[in-house]
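K.L.:
Any chance you can model this:
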Amino acid sequence: MLKQSSVSVAKSRLKSLVISDRVKCTPGDYDNICRELYYSLSKYMEITEEEFRVDICRTHILITFAGDET
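P.N.:
The predicted model follows:
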């Protein structure tokens, strides 16, 4: 696994905080939801964590994979 730069780690943490605030859950809960979705889908699809992204809003959940167009 490649080592992430401190900038990308900080950016990821800030994004997690903003999203968790929007959906009214703690950052830890948001991370757990994303992790569980990844593990559930990875049982049926060949994906990596780097390709997997979850965006949660109050009204919907958007799951994208690297290379997917939204």
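K.L.:
what ranges do the strands span in this structure?
P.N.:
Taking DSSP state E as the criterion, the chain carries its strands at 52-56, 61-65.
K.L.:
Which elements pack onto the helix or strand of the chain with the lowest mean pLDDT?
P.N.:
Counting by mean pLDDT, DSSP states H and E, the weakest-scoring helix or strand in the chain turns out to be helix 6-22, with a mean of 72. Applying 3 or more C-beta pairs under 8 Å, 6 or more residues apart in numbering; DSSP states H and E, one finds that helix 6-22 contacts helix 27-42, strand 52-56. Heads up, the C-betas are built off the backbone N, CA and C, glycines and all.
K.L.:
between it and helix 27-42, how many degrees?
P.N.:
Relative orientation of helix 6-22 and helix 27-42, computed by axes from the mean of the first three to the mean of the last three C-alpha atoms, to 10 degrees: 100 degrees.
K.L.:
Other residues contacting helix 6-22?
P.N.:
For helix 6-22, contacts defined as C-beta atoms under 8 Å, 6 or more residues apart in numbering pick out 4, 26, 27, 29, 30, 31, 55, 56, 57, 58.
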